[in-house]
Each structure stands twice: as C-alpha cells, then as structure tokens.
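**Q** test case, fold it:
(chains A, B and C)
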Amino acid sequence: MAISRRAFLAGSTIAAGTLVGSAGLSAPAVAQTKKNVLRVVPASNLSGIDPVVTSGQPVRNHGYQIYDTLFGMNGRFEVRPQMAEGAEQSSDGLTWTIRLRDGLRFHDGEKVLARDCVASLKRWGARDPLGQTIFGLTDELRAVDDRTLEFRLKSRFGLLTKGLAKIGGPAPFIMPERIAQTDPSVSIKEAIGSGPFRFLADEWVPGSRAVYAKFDGYVPRNEAPDCTAGGKVVHVDRLEWHIIPDAATATAALQRGEVDWYHGPDLTLLPLLKQDPAINTEAYDDLGYMTVIRFNHLQPPFDRLEMRRAIQMAVNQVDYLQAQVGMPDLYTECRSTFFCGTTMSTGAGSEAMAANFEKAKALLKSSYKGEKVAILTATDLSWLHAASLVTEDLLKRMGVNVEVQAMDLGTFYKRRTSMEAVDKGGWSIFHAGFSVTDILDPSTHLGLRANGKQTWPGWPTDPVIEQLRDDWMSADPQGQGAIVRKIEARAFETVPFVPLGQFQTPSARRRTVTGMLKAPLPLAWNIKVG
Amino acid sequence: MQSSTHASATEMAPATSPEPERVGSTWGPFLRHHGPMIFGALVLALIVAAALLAPWLGTSDPQKLAPAARLKVPSALYWFGTDALGRDLYSRVLYGGRVSLLVGLSVATLAMLGGLVLGLLTGFFRQVDAVLMRILEAFMAIPAILLAIALIALTRASVENVIIALAIAETPRVTRLVRAVVLTLREQTYVEAATAIGTPPLVILLRHIAPNALAPLIVQGTFICGSAIISESILSFIGAGTPPSVPTWGSIIAEGRSYFQLFPNIIFFPAVFLSLTVLSINLIGDGLRDLLDPRLSREL
Amino acid sequence: MLAFIIRRLIGAIPVIALVALIIFCLLYFAPGDPATIIAGDLATPEEVQRIRVALGLDQPFHVRLGIFLLNLVRGDLGTSIFSNLPVTYLIGQRLEPTFSLGALTILLSVVVAVPLGALAAWRARRAVDRMALVISVLGFSVPVFVVGYLLIWVFAIKLAWFPVQGYTPLSNGVGSWLSNLVLPTLSLGMVYIALITRITRASMLEVLSQDYIRTARAKGLSDRAIIWRHALRNAAVPIATVVGIGVALLLGGVVVTETVFAIPGVGRLLVDAILRRDYPMIQGVILLLASIYIIVNLCVDISYAIFDPRIRY
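**A** Model (predicted):
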C-alpha cells in the first residue's frame, strides 16, 4: 500500500504545481510532493480567522502568514519598518508620518492604500490594550494621500511604532478597508491580507486543516529576514496546517514523515523525538514561557501581603520546572519579573525568593487564619496544570487548606474573572504563562499593572507601581533603565505574582526543513523543504 | 455503548426454550460448565480486594508529586514506575481502581433502578407508554457516549456527574428491556387473573411482574457495569472525565497516552487492570445469564 | 411495502423533533456561556454582553426555541460560533470521512463476525467457539483508543505498512483512501465484531436446534449447505437488528477513533464543538447523528422483508 501511494504522489507533481498557481481552486490535499509543500502541525486549532476579535496564538500565527504589518520587530525586539518605508516624527514629537512602500498589494489584487491602514489600525485599536492606549493619546489618524498616513498625538509617546510592530495578539495587521470596517467585536468573514501567503478559504476545514498558498504578488523587502522584520521570502508553494489534536498521534506522524514541522510538541514527547535522527528539535523561540503564580488581591488570605510573601519565599523554581518540563537543558531559573536574557530584566529585589521553606512556613504561620484556598487550573495546558499541582503540594506542606479546581480553558478564563469569595465561586490562585511578547516591557506587562479592578484578574492596587509605569513610558531611553530596576524591586516587595522560571517551548521538524527563523512565533517564510 | 448491544442480545434471545438445563448436583460439572464465570469472579474479587485494601498494600499517596522522580520505569521502589509528575503509578492504579469500580457499580445500579421503574410504568400503563417510549426512543437515537460527553462537558467534571451522565445514557435501554418483559408477562394467565379479581395495579407490578423482570435485569446490570467502566475511560480520553484530582484507570491511561512509545508502562498497567476487570464482569454476566435464565443457557 | 416505508418515515419525524427539543433544552439549561468564551481573555463585561445580544443568547427560552425550530424546518442549522461558517457547510465537509469509516467498519465486521459466529455455533463448546468467545469478550473489554495506539505502534511506526493519521478523499484513488482507513477501521471494528459474533452465535444456536434443521440434516444435506442456506437465512433478522442498533455504538466509537487517527469526520467536529460550547454546531451534529441512527434502523426494518419472506407489510 505504501509503495503505491508514493508512486501516486510522484505522478501528481505537475498537477500540484499548476493548481497552486490558480487562485481559489482547491487542490486535493494529497496531490502534492514534499518538494513544494510545507506540512505543519500547529500548536492548536485555527478556530476562527479574525486576528482582532480573537487574541489567541493560532489566529495570531495565521495572521502573520496572510497579513503584513506596518512595522516589524527584529530578534532583539527593535522596531524596523516592514510595510512602511519609514516613519518621521515632527520636531514637537506630536505628529508621526508613515509612508507605505511601493508595490504593496492585497491578495484580491487591489493596491494597499493608506486608508486601508487607517481602518485596520482603528479596528485593532478598539480591541488591543496597547492599541487602546495609543488611540487614547491620538487626536487624529488620517490618510494624507494613498501612500501616507499621519498620527496626530495629544502628547509625546515613544511607544507608537512599537505598538504598530506588536507581535503578541491582537497584532496590528493591515487588511482592506471594506473588511476592516467590520464591527471590532464581530468576526470578519474574509481572510484577505497583503502578507506573503494567501489563505485558501475553500480548503479550510475548521478543526482539521487550513491551507495557504504562496502569494505571488508579494514584494518582500530587500533585506535579510529577522524575526518579523526584513524580507519575507517564501520558498514553498503551499503551506498546510494539519490539526492533530492528539499529541501521541502528531508525534508518530512526524516520525513517519507524514508532516514536516510540529510547532509545539508536547514537552513530554521530546525525548522520543530527540532519539530520532531524522528530526531536529531546535526551538524557534529561545525564550519560551515564563509561568507565574497569580494571587487574588481582593479576597483573603492573599489580600494580606505576608501571605503572598510567604509563598514567594517558599517557592523553589526547580520543582516547577521539573514538573513542567523535566529536561534541564530546556529550562532556566529566572527570578525576575521580565524574561531573563532581555534588556528589561534586572533581578532587583529578587533575593526575596530565597526558596527557604522553613522561614516561609514561619512567616505564613503568623498571618494564615485557616481560610480555604482555591487554585484554578485548566487541564488543556499540561505545563499550566503541572504548575498548579506543584503549588497545591507546596501549600499542603505549609499547612494551608487548599483545593485544586480543574476545568477546561474556556471555563478557566471565565472563572478567574470572578471577584467573589472562594465559597461563592471565586478563587485564590491561578497560574499563567507569559510569552516574551506579553511582558516585553512595563507598558505591556499585564502582571505589573496595579490599577485595581480595571486590570488583569488578581486586581492588585499599587499607585507606586502605576506611577513608575507612567514615568517609564514618558522617560527617555537612558532614564528607563533606572525606572525598570525600581519597578522590579517594588514588585518583589508587594508580590503581585511570583515568577516560576522560564522554559523553552521546543519545536520539532524533519531535518528536510531548513531556514527556520528564530522568533517568538513560528514563521513560515524563509523555510525550504527538501 | 457496550450495553446497548447486550441489551439487544438479551431481547433478541429466542423466546422458546429448547431443552431445560440441568445443573449438576456435584461440583465437577458445575465448574466445567461455569468455568469462565468462576474465573471472572476470582479475578474480579482480587481486583476489588486490591482496590479496597489499597492503603495496606504498600501504596503511597497517589497524588503525591515528586518531580525529581518523574518517568521512572518499574523497579523495586516503584512497582509500576512513575508518571510525568513523579506520582507512583502502582498507588494510582490501585486507588484509581476504587473510582473506576465505583463508577461501574453506581451507573449499573442507577440505570437498573431507573430502567426498572420506567420500564414497569411504560409496560403496565398504556397512557404513559406512548409518551415515554417516544422520549426514550429519542434518547436512544443519540449515541449514549455522546450524550454523556455533552452532559458532562456542559456541567462540571466530577465523579458524581460522570456517574449521572452515564446512568442517564444507559437508562433508556434498560427501560426497553424491562418493558419487553412486562409486556410478555401481562398476557400471562395469572396476571390476567389477578387483574380480574381486582388486585390494584401497583400490587400486581410489585408481586408478580417485578420479580420476573429481575433476572434479565441483573444480567443486564453486569454488562452496564463493565460498559460504564469503559465509557468512563473514553470520557477521560475526550477530556470530559473525572477531575484530575481523582485518578481512575481511564484518566491514568488518558493522561499517560502521549508516552505510549517511550514509557508503555504508564498505560500498560491501568489498561490491563481495566480490561481484566471489564472482562471478568462480562464473563460473570454471561455466566449469570446461564444460571438465572435457563432458556438462554445455550448462548455464549 | 411503500406505504410501510412512508408510514415509518412519518413516524420518525416526531422522534427527530424530540431529539431536537432534548438537545435544545440540554444546551439551554447548561451552565457556561459561549459569549464569554468567544470574547476571550481580554474582554470586558460590556463586550460579552454585546456578543450575547448579537447571538441572541439574551432572548427568553420560548423565543430562542421558536427561532431554532423555525430555522430547522427551513433546513438552516445556524452558524458556528467560532468559525462563523454555516453549520450545514461544516458538517458537509466532514460527512465523507465518517461515512467511509462507518461503512468500512460495518462491512469488515459483518464479513468477519457472521462467519465466525456461525462457525462458533456450529462447533459449540469446541476450540473455535472458545476462540470466538475470547475475541468477543476482549472486544468489549479494551477501550477503543488503547487498541488504536497499539495498531499505530505496530503497523504504522514499527512496520510502516500504513499511515499514522489523516484521511485521503476517495476521489484521490481507492488505494490511498483505503490505506488511511485500515487502522481506524480495525480499531473501531473490534467492538462491533464482538457484538455481531455474539448475536450471530446466539441466533444460530437457536435456529440449529429447530426441527427443520434436523430434518435437513436427516435428508443428508451437507453441513455447509445447512449453515449457509437455511440456518443463517433464518438467523439474519436478529443479526440485522443488531447491526442497526449497533450504529449508535459505532457513532460513539467514531468520536474516539477520529481523534486518535486525526480523521476530519463529524465525530471530532462534535467533540470539538461540545468542549467549546459551540451551541449551533452541537445541535446540528447531534441531530444529524440521530437521524442517521433512525434511518439506518428504518432500513433494517425494511430488510426484514428480504430476509424473512413471512414478514409482509
């Protein structure tokens, strides 16, 4: 059977080549050769196509394939023009003029105009937290002519282009004006961008397959690719996402060469993949995830600072990393509120995380009154669930009356918004994982916001840290370093969350797949197969 | 689910009896005849004992994490090895057996009770029959395991919800079985006689009909028990099973399935316990059918 | 005959309507709010409320039920909450894999189980019979996903005879279609083979004890002729009934098999929908599966007339 199948594949090369070129025609999945198709198992299902309505990673990754952004970020997270030729700031710093580069086209053949960008950014700004900040500071965003757009700000704001190069979802993708005029909370119906790949809508089987073709009309920048910046040159004709919900099956499929690249193999399966000489387990994202313990600051017992400090004192990051990842070459202890290895991370004040269990127990004894502690966890994410179980174990040993409440991710998101007491459906602790793009600097760091009930669940209130954040955003680059040190020190003092170290999310690909770029997300351009 | 099949097998069973079965007066023929059932009973007794006596059988806390001792292969220290979080699999399998067996037993009991009540009602009262049977037919058209998944996913993962969902999914088939028995019996002369002399329907139901429905019901119950244990494992596999703090054979297999190539011990031991248990229960069910229902003695 | 079929078809309508009602009530009264899930991590309560209004989730029970039933009659099953595509379109994409898997499984099971069961009955309490017993009890005792992983390990990874996962449409050639379906069919067929073997044996035993079989034997007919021409024909009605009832079992098993082998069928569509609370999707797929079950059993009823000339309508 296997032989006849291979023979069949070889015979249909030519057919595949012609089919891929013609828009809208659905090429049968099998009628491809390995030469021009990249078959990928994404970390999870592409459930929708609107990168603004849904902030999830699959939609964001899908978005980076079919859309382009005005600015990109290089591997050091510096902003570089992408669709833009460049940006000019007026001398008072209040007007930004962004000019589009020549030759940009959407997949439907239309030219990309400044007014498409205006509509797209406005829609994004209605949903994205950083976008909301930007538009809150913006008097007017307008298209000056077909290739020029202009931001007029109310006050100086150094993060504008950084926001327009944002990698974490929702990202500021550019789509045609007619689509971008959709209500920001209603999903768009057409996936048309100006990015290096086209989405083949008729081949999309939600929950099973999403297919993209190389967009022949894409004009890459004449630069080397670097993360989301630089020239996005596509070497494959066709990119297929095969959604394989069962990790064991997906791994076996990669071993057999039925797929080429498994974005996020289950950490537990890595040893198996490493044994296989045909498979390369190099990560695309060297920074990976940072897991944190998040406390509910509104309800006892963690409304009390001593309780949070006791947990911070007790935590031994290695316990967590072992349970989550197991392999020491994949994790690093990191006592910092930012990713270790980025310029933000100073480690100021981190001596509070002494991993001293006895001292922590004594500290806890003085402030714990026997309240019930509920830990919320979602079983969909193995590393998140593992962290929850380690915390449960830790609290039990400290003598805390603790209960783990497990649920699916959707329910988890809903439950953690409850500000009620534990016995009324509330919670005490949950764990979360930050990707580097989530907590790149104080402006976007969810865990460091401390404006009470307006912020991310956990709701700490600390005017000092909020003031420091504002100072940081308006400071010049020289002054920012000192402010970040103060922010970190303050965070270890007031404990809005406890960092649990960082681990790499490995990726596994056949050795036939070359040219993988290092980035916080899997990028499909620059990749060659075979 | 499995039971649907057994239910129908029982219903389909020939109505006439070829030759009455003689149960031998000595143990020899009995053993020869009921060997599989006795084997099943012995194995089941061992597994139940292991689950009940778990604390005294060298187990440790099944939830105790030991990240440093993760993914150990079976050894003198960890008889079945450890899982990805360093939990002792031997302890988890024994303690998990408690929950799996509880699920099986509870689902069987609930479905039998529900099916008995509904079946007697529909079989005996014509007015109820028309409405109720339509509703049950609709329920039966939804594959039982899917109904259970939906019920659990839409409520909350807990052992009780798993039991209730599976019992709801199984009840319609039991009802149909009981109803079929009642329909046959109510035509019998002694029941007609009882009706004629004015015995209240409830008394007829309880005195004449219920006892006769009992034998097929018990046979059916054993099959439901086995099927519920399997169904529970399927629910865990789909991600709609018991909460993670409650290990069951099914959830241990489901959690450890990604390791099936590297550490087959993680799914091997719970899978063997699960399969042996269901196998024993099915053998007992077959044997009971032979014993309780001589008409069917020549079946499997 | 035609009148019978029409009568049965009409009789199926209230059952399907009841299924629709049951599933609607189930979803209506279930805790959990799809609007929150759609709104995602960053949503404000106002946004969630807007989505709820947009989806009509804020309407009272009778209004929502009325809208649902009205659309149902028009053949409109609504739009998936997540992918924003029509439910009928999404189901349509996935019918072929599920039908292929189901049909192949039934075919395999009947081809294996009927002769096995017949043989077991003919040689009751001998080696063949014991073997059939072991197979049928094992089929009921091992969870389908464990069988699936075992098959993948042996036949896809170690021996590399068949692909691990996926589905190739029939239009791409029978060879590749079949090679993708062999392992799923085997693992799904286990329970079904067990079931049909069991019922075949039981019905055959019953038939074989009848007088006319003894007569046939006395007449000197060969064993083979007796089994195939007389006994099996008479045992066919209960076997067909179980094949029909077993469709429910099959549809349940399909969910698991499709997940293990990453087959894009309706089973997985349903589980994804349930786990994400995609209400219109859940309603649509369950209605579809229930209708399949009802239609298959209708066909079984009709087939009685073919197997058993005494049955006339």
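**Q** do I have it right that residue A:488 meets residue A:338?
**A** Yes: contact criterion C-beta atoms under 8 Å: residue A:488 and residue A:338 qualify, at 7.4 Å. Bear in mind the C-beta positions are built from the backbone N, C-alpha and C, glycine included.
**Q** which residues are in contact with each of the two?
**A** With contacts taken as C-beta atoms under 8 Å, 6 or more residues apart in numbering or on different chains, residue A:488 and residue A:338 have A:345, A:346 as neighbours in common.
**Q** shaky segments in the chain?
**A** With no chain named, the answer covers chain A. A:1-35, A:408-411 (pLDDT under 70).
**Q** oops, I was thinking of chain C
**A** Within chain C, the stretches with pLDDT under 70 are C:1, C:31-32, C:37-44, C:305-313.
**Q** residue of it with the smallest distance to chain A?
**A** Using C-beta to the nearest C-beta, residue C:264 is the residue of chain C that sits closest to chain A, at 3.4 Å.
**Q** just give me the neighbour total for the closest residue to that residue other than its chain neighbours.
**A** Leaving aside its chain neighbours, residue C:264 sits nearest to residue A:208 (3.4 Å; criterion: C-beta to C-beta, 6 or more residues apart in numbering or on different chains). Neighbours of residue A:208 under the rule other C-beta atoms under 10 Å in any protein chain shown: 26.
**Q** which ones are touching residue A:208?
**A** Shown in contact with residue A:208 (C-beta under 8 Å, 6+ apart): A:242, A:243, C:94, C:262, C:264, C:268.
**Q** how about 10 Å then?
**A** Residue A:208 makes contact with A:45-46, A:241-245, C:93-94, C:97, C:166-167, C:258, C:262-265, C:268-269, C:272, according to C-beta atoms under 10 Å, 6 or more residues apart in numbering or on different chains.
**Q** so of these, which ones are in helices?
**A** Applying DSSP state H to the contacts of residue A:208, the entries found in helices are C:93, C:94, C:97, C:258, C:268, C:269, C:272.
**Q** wouldn't the last one be in contact with residue C:281 here?
**A** I take that to be residue C:272. Yes: here residue C:272 lies in contact with residue C:281, judged by C-beta atoms under 10 Å, at a distance of 8.0 Å.
**Q** any residues in contact with both of those two?
**A** Both residue C:272 and residue C:281 are in contact with A:206, A:207, C:82, where contact means C-beta under 10 Å, 6+ apart.
**Q** residue contacts, residue A:63?
**A** With contacts defined as C-beta under 10 Å, 6+ apart, residue A:63 is in contact with A:49-52, A:54, A:69, A:169-173, A:175, A:191, A:193, A:195, A:521.
**Q** try it again with 8 Å
**A** Contacts for residue A:63 (C-beta under 8 Å, 6+ apart) come out as A:51, A:169, A:171, A:173, A:193.
**Q** wait, is it part of a strand?
**A** No: under DSSP: H, G, I helix; E, B strand; the rest coil, residue A:63 sits outside any strand and is assigned helix.
**Q** and it, how far from chain B?
**A** Applying C-beta to the nearest C-beta, to the nearest Å, the value for residue A:63 to chain B is 27 Å.
**Q** which residue packs closest to that residue, ignoring adjacent ones?
**A** Leaving aside its sequence neighbours, residue A:63 sits nearest to residue A:51 (C-beta to C-beta, 6+ apart; 3.7 Å).
**Q** just residue A:225 next, same as before
**A** Once flanking residues are discounted, residue A:225 sits nearest to residue A:526: 4.9 Å by C-beta to C-beta, 6+ apart.
**Q** picking up where we left off before, report the two of the ones in helices among the contacts of residue A:208 separated the most.
**A** The most widely separated members of these, counting by C-beta to C-beta, are C:97 and C:272 (14.3 Å).
**Q** neighbour count winner among those two?
**A** Legend: neighbour count by other C-beta under 10 Å for residue C:97 and residue C:272, higher for residue C:97 (29 against 22).
**Q** please name the residues that touch residue 217.
**A** Here I'm looking at chain A. By C-beta under 8 Å, 6+ apart, the neighbours of residue A:217 are A:105, A:107, A:109.
**Q** my question was about chain C, not that one.
**A** Contacts of residue C:217 (C-beta under 8 Å, 6+ apart): residue C:226.
**Q** could you give me the buried positions within the strand or helix carrying it?
**A** Using DSSP states H and E, residue C:217 sits within helix C:211-218. By neighbour count on 16 or more other C-beta atoms under 10 Å in any protein chain shown, the buried set for helix C:211-218 is C:213, C:216.
**Q** please pull up the helix or strand immediately following that helix.
**A** Moving toward the C-terminus from helix C:211-218, the next helix or strand (DSSP H and E) is helix C:223-225.
**Q** which other helices and strands does that next one contact?
**A** Contacts defined by 3 or more C-beta pairs under 8 Å, 6 or more residues apart in numbering or on different chains; DSSP states H and E place helix C:223-225 against no helix or strand at all.
**Q** got the contact list for that helix?
**A** For helix C:223-225, the surrounding residues in contact (C-beta under 8 Å, 6+ apart) are C:122, C:216.
**Q** determine how far that helix lies from the middle of the whole chain.
**A** Helix C:223-225 has its average C-alpha position 33 Å from the chain's average C-alpha position, going by C-alpha atoms, centre = their mean, to the nearest Å.
**Q** go on, stretch B:231-251?
**A** Between the mean C-alpha location of stretch B:231-251 and the chain-wide mean there is a distance of 16 Å, by C-alpha atoms, centre = their mean.
**Q** does chain A have contacts with it?
**A** Yes: interface with chain A: stretch B:231-251 contributes B:239, B:243, B:244, B:245 (C-beta under 8 Å from any C-beta of the partner chain).
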